[in-house]
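[1] fold the stuff below for me.
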Amino acid sequence: MIIVNWRRVGELLKMYSQGQPIPFKAISVKLLEDIKMFLLRASMGGNKKGTISQNTASTYFSILKAGLKQAFIDEYLTVDISVKVKGITNIEKSRVALTMNEVQMLVDTPCKDDVFERAFLFSILQSEIDDWLKNKSHKTQDDLMLEAQRFVESKKIIR
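    Predicted coordinates:
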């Protein structure tokens, strides 16, 4: 996904500059503010209609700023201009989570594909497992897997 995003940022910069190169000496706070506004109105691309979301524009602008910071580190720029321009604010999105009773109902529902069922259940519990595991220390991958298994068992999800 990271490479795809970097490529898309490159495509959008080409669109912004109408295919012309943007020399390092032309990079200014005003230029970056203009690019920020361009990104907030940028089309989705491909055969998708509409503009990219504010969160996508935020990601793309952060990628541009990271590239500029690296250009400063590599001495292509004499000033770290990336710190002079504020990023695009992400919009918090509410996420709907299943209750443990709803998860248990899904576990109790027959599924013909065991691999699909296990992957689905793992994805349901993944964020909760991640939050729980952040508070643990692990020496090995096996320790991590054992802790995750204990966590799932503690949720009393049974077949």
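
[2] the spatially most central residue of the chain is in what secondary structure piece?
    For the chain, Thr59 is the residue whose C-alpha lies nearest the centre (Cα atoms, centre = their mean; 7.5 Å). Thr59 is part of helix 54-73 when elements are defined by DSSP states H and E.

[3] which residues in this structure form helices?
    All helices of the chain, identified by DSSP state H, fall at 2-16, 29-40, 54-73, 100-108, 114-134, 141-154.

[4] quick check: the nearest residue to Tyr16 once chain neighbours are set aside vs Asp113, distance?
    Spatial nearest neighbour of Tyr16, chain neighbours left out: Phe38 (4.9 Å); criterion: Cβ to Cβ, 6 or more residues apart in numbering. No exception for glycine: its C-beta is placed from N, CA and C like everyone else's. Using Cβ to Cβ, to the nearest Å, Phe38 is found at 45 Å from Asp113.

[5] those two: who's more crowded?
    A direct count of neighbours by other Cβ atoms under 10 Å for Phe38 and Asp113 places Phe38 higher, at 16 against 9.

[6] so who does that one touch?
    Phe38 makes contacts with 12, 15-16, as judged by Cβ atoms under 8 Å, 6 or more residues apart in numbering.

[7] same question for Thr59.
    Asn5.
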